[in-house]
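> test case, fold it:
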Amino acid sequence: MPTATWNGVILAQSDDTVIVEGNHYFPADSIAAEFFEESDSHTLCPWKGIASYKTVVVDGARNPNAAWYYPDPKPAAKQIAGRFAFWKGVEVV
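Now for the predicted structure:
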């Protein structure tokens with residue numbers, strides 16, 4: 001089962017991930033919400049749309065913008081709407 005971990009903590013785990021461009025996108029209900037804080041950061045992908053970010057916080061350690069999601073993706077990426085993907089040292093296996 002795909003699992004996202006950082007600093008020894010499971011951030012997300014699900015058999016229902018969608019892989020896009022090599023990234024696992026986890027369903028929103030599979031993330032451990034207590035480890036996430038909202039971020040003001042956004043980026044634009046030409047085919048997916050505007051990405052929003054969350055900062056991961058584990059035992060006081062912060063990993064800014066380590067999770068991203070597309071709340072309202074373009075039609076070509078509708079399968080990842082509201083799903084979360086990770087980078088910046090978050091391990092997904």
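
> need the helices for the protein, in chain order.
Counting by DSSP state H, the chain has no helices to list.

> who are the contact partners of the closest residue to residue 3 other than its chain neighbours?
Take residue 3 and drop its neighbours on the chain: the residue closest to it by C-beta to C-beta, 6 or more residues apart in numbering is residue 13, 4.5 Å away. For the C-beta atoms, the positions are set from N, CA and C on the backbone; glycine is no exception. Residues near residue 13 by C-beta atoms under 8 Å, 6 or more residues apart in numbering: 1-4, 26, 30.

> try residue 46
By C-beta under 8 Å, 6+ apart, residue 46 has no neighbours at all.

> please report phi then psi for it.
phi -60, psi -30 (degrees, to the nearest 10).

> picking that back up, and the gap between the residue nearest to residue 3 and residue 55?
20 Å (C-beta to C-beta, to the nearest Å).

> follow-up on the earlier one: what subset of the contacts of residue 13 is buried?
With neighbours counted by 16 or more other C-beta atoms under 10 Å, the contacts of residue 13 contain buried members at 2-4, 26, 30.

> wait, which of those is closest to residue 49?
residue 26 (18.2 Å; C-beta to C-beta).

> who does that closest one form a beta bridge with?
residue 84 (DSSP bridges).

> check it and give its pLDDT.
With respect to pLDDT, residue 26 has a value of 98.
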